[in-house]
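Asks: Model the following, please.
(chains A and B)
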Protein chains: 2
Amino acid sequence: MQIVIIGSGNVAYHLAKAFVLNNIPLAQIFGRNEKDLEKIAAELHIPYSTEKLEDADLYIICVSDNSVQNVSAMITKKDSLVAHTSGSLPKELLAGEYRKASFYPLQTFSKSKDLTYKKIPFFIETETEKDKEILFKLASKISDHVMESSHDKRKYIHLTAVFACNFVNHLFSKAKEISDSQEIPFDYFLPLIDETVQKIHEIEPRLAQTGPAVRNDVRVLELHEQLLKDESLEIYKVMNHSIKKMYGL
Amino acid sequence: MQIVIIGSGNVAYHLAKAFVLNNIPLAQIFGRNEKDLEKIAAELHIPYSTEKLEDADLYIICVSDNSVQNVSAMITKKDSLVAHTSGSLPKELLAGEYRKASFYPLQTFSKSKDLTYKKIPFFIETETEKDKEILFKLASKISDHVMESSHDKRKYIHLTAVFACNFVNHLFSKAKEISDSQEIPFDYFLPLIDETVQKIHEIEPRLAQTGPAVRNDVRVLELHEQLLKDESLEIYKVMNHSIKKMYGL
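Replies: Residues are numbered from 1 along each chain as shown, chains lettered A, B, ... in the order given. This next block holds a predicted model:
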């Protein structure tokens, strides 16, 4: 099977790398950013192009949501399977006369960070059973967790990930802002953060909640509000309100 | 040195355990909740009481912030050192004629969860150099990270921890609420969560931000808002607003 990956960002890089590491040959990595493509192609020893899209059996589109449709319109090979990797787009958005699919890896990708691909859940949606089989077989070579998922379910998976990953990372940024402002090394907080996450591998997050809001410690909550302003204060208030609501306080 | 721990909650339990595991004998664990005390005392082989506070050189108060002052007033031994373990209280709040101190372990404690005590930062504040030495020596037997910290700094450490731990855990709870509502196993998200945290050991959180808000992906943001309501929607809006602000979007 000839496979082409389209894109040169974090998802394209890691997906290409996962394929190569699992001895799945890639016919091409295609995109607009020559500098990024060249770097990926050199590291993974795969052909790349910014101009001519190779003929393939499977195209995997790894570009930002906004560009998926335009990029998908460039694929003209009718007997091909085309999959996007977006958590929030329907497969029907793909603009061409080919078989359409979604191939969604649930992970946060940064180029500079190695990943254990085996643990990444892949959510697959296809038009036919046969295509499902093709993508399941492929994804199973990379990951131990391959599942089917409708577009509707995928939207909620993506939304859950925004809370559990994107927002969590932003809280780390805000936390670092506070500790930086007092010249407290953020490294001090890493054991606490590690433990916070370790905990929910063993205990339901609802049962693991600690802190002033769940204790309804009004004195501390008021003290903290005096130390904060702007977005940090807004976050502080909304999070505490939500915690109190969850525990009926 | 005779040491007494006062309290029977998560902090009392883990601190007592850390002492015992490091061969620091405890003269007593004292508190109100006989059932909890009995359990801790039996596991760690230390005497306990709900009635008579033992004479000691050092009392470590591990009760909720609201109770610290009342509990501290029970200690009448003048030539003793009394430390509270609160992140937000001044040592001067301790109500008695003894030497006052703060002994603040930066960690989230749950009874049912084992901990690596060596990595927990301890923040210490005392009235005299001599007391500082006593508490540094003691804490260093438990942990590799013992530091001095004024009350003012400790308030910010605690506040940072609320963002990096308490609020992060609440986001996990909210994320699980969403995935539960669609019968998507929350376990699917654990590799993503682990990676989110692993990342900030290597990359600054500000540089690790991903997701629709930092991409200013208006379509996805609007789609997600339609899927949410109540506190989840409030959190969604406030977090995205703060992310956009941080990245000048």
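Asks: alpha carbons only for contacts and neighbour counts from here, please
Replies: OK.
Asks: residue ranges for the strands of chain A, please.
Replies: Along chain A, the segments classed as strands by DSSP state E run A:3-6, A:28-30, A:48-49, A:58-61, A:81-84, A:99-105, A:122-126, A:146-148.
Asks: Indicate each strand paired with the third one and its parallel or antiparallel sense.
Replies: Each strand pairing with strand A:48-49, determined using DSSP bridges, is listed with its direction: strand A:28-30 (parallel).
Asks: Can you give me the pLDDT of the residue sitting furthest away from the middle of chain A?
Replies: Distance from the C-alpha centroid of chain A peaks at residue A:219, with 38.8 Å (Cα atoms, centre = their mean). Per-residue confidence (pLDDT) for residue A:219: 89.
Asks: all helices for chain A, in order.
Replies: Using DSSP state H, the helices of chain A run over A:10-21, A:34-44, A:65-72, A:129-142, A:151-161, A:168-181, A:190-199, A:205-208, A:218-227, A:230-246.
Asks: so which of these comes closest to residue B:23?
Replies: helix A:190-199 (23.2 Å; Cα to Cα).
Asks: And for the closest one, what's in contact with it?
Replies: A:205, A:208, B:106-108, B:113, B:115, B:119-120, B:161, B:164-165, B:168-169, B:193-194, B:197, B:201 (Cα atoms under 8 Å, 6 or more residues apart in numbering or on different chains).
Asks: what do you get if the cut-off is 7 Å, keeping everything else the same?
Replies: The contact list for helix A:190-199 (Cα atoms under 7 Å, 6 or more residues apart in numbering or on different chains) reads B:106, B:107, B:108, B:119, B:120, B:164, B:165, B:169.
Asks: Next: stretch A:75-90.
Replies: A:55-62, A:65, A:96-105, A:151, A:154-155, A:158, B:220.
Asks: Buried residues, it. List them.
Replies: Using 16 or more other Cα atoms under 10 Å in any protein chain shown as the test for burial, stretch A:75-90 gives A:75, A:77, A:80-90.
Asks: and these as CSV, adding pLDDT and distance to residue B:24?
Replies: Formatted as CSV, the buried residues of stretch A:75-90 follow (pLDDT from 0 to 100; distance: Cα to Cα, whole Å):
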residue, pLDDT, distance to residue B:24
A:75, 97, 70
A:77, 95, 73
A:80, 98, 69
A:81, 98, 66
A:82, 98, 65
A:83, 98, 61
A:84, 98, 59
A:85, 97, 55
A:86, 93, 55
A:87, 91, 53
A:88, 89, 55
A:89, 93, 59
A:90, 95, 61
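Asks: so which of these comes closest to chain B?
Replies: Nearest to chain B, judged by Cα to the nearest Cα, of the buried residues of stretch A:75-90 is residue A:88 at 6.9 Å.
Asks: tell me the phi and psi of the closest one?
Replies: phi -120, psi -10 (degrees, to the nearest 10).
Asks: domains for chain A, by residue range?
Replies: What the record gives for chain A is the domain set A:3-149, A:155-246, from automatic domain parsing.
Asks: Filter the contacts of stretch A:75-90 down to just the buried residues.
Replies: The neighbour count (16+ other Cα under 10 Å) marks A:55-62, A:65, A:96, A:99-105, A:151, A:154-155, A:158, B:220 as buried among the contacts of stretch A:75-90.
Asks: so who does residue A:240 touch?
Replies: Counting by Cα under 7 Å, 6+ apart, the residues that residue A:240 touches are residue A:213.
Asks: before we move on, the earlier item: the domains of chain A: which one's closest to residue B:41?
Replies: Proximity to residue B:41 (Cα to Cα) singles out domain A:155-246 among the domains of chain A, at 23.5 Å.
Asks: residue ranges with poor pLDDT in chain A?
Replies: Within chain A, the stretches with pLDDT under 70 are A:112.
Asks: switch to 50 and redo it
Replies: Of all residues in chain A, none has pLDDT under 50.
Asks: now stretch A:130-145: how far from the chain's centre is it?
Replies: Stretch A:130-145 has its average C-alpha position 18 Å from the chain's average C-alpha position, going by Cα atoms, centre = their mean, to the nearest Å.
Asks: My error: substitute stretch A:229-237 in the last question.
Replies: Per Cα atoms, centre = their mean, the centroid offset for stretch A:229-237 relative to its chain is 27 Å.
Asks: residues of it that come out buried?
Replies: Residues A:231, A:232, A:234, A:235, A:236, A:237 are the ones in stretch A:229-237 that count as buried (16+ other Cα under 10 Å).
Asks: Could you do stretch A:176-191 as well?
Replies: Across stretch A:176-191, burial judged by 16+ other Cα under 10 Å covers A:176, A:177, A:178, A:179, A:184, A:186, A:188, A:189, A:190, A:191.
Asks: if I read this right, the fourth one contacts residue B:159, doesn't it?
Replies: Read it as residue A:179. No - applying Cα atoms under 7 Å, one finds residue A:179 not in contact with residue B:159, separated by 8.7 Å.
Asks: Could I have the buried ones of the contacts of helix A:190-199 as ChimeraX selection syntax?
Replies: Applying 16+ other Cα under 10 Å to these leaves a buried subset, and the ChimeraX line that selects it is:
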select /B:106,107,108,119,120,164,165,169
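Asks: Run a quick neighbour tally on residue A:198.
Replies: For residue A:198, the number of neighbouring residues by other Cα atoms under 10 Å in any protein chain shown comes to 16.
Asks: Likewise for residue A:114?
Replies: 11.
Asks: what's the answer for residue A:221, then?
Replies: Residue A:221, neighbours per other Cα under 10 Å, totals 17.
Asks: hang on, it packs against residue A:212?
Replies: Yes - if you go by Cα under 7 Å, residue A:221 and residue A:212 touch, sitting 6.5 Å apart.
Asks: Excluding residues flanking it in the chain, which one is nearest residue A:70?
Replies: Excluding the flanking residues, the one nearest residue A:70 by Cα to Cα, 6 or more residues apart in numbering or on different chains is residue A:95, at 7.6 Å.
Asks: The one you found contacts residue A:74, correct?
Replies: No - with contact defined as Cα under 7 Å, residue A:95 does not reach residue A:74; the gap is 8.5 Å.
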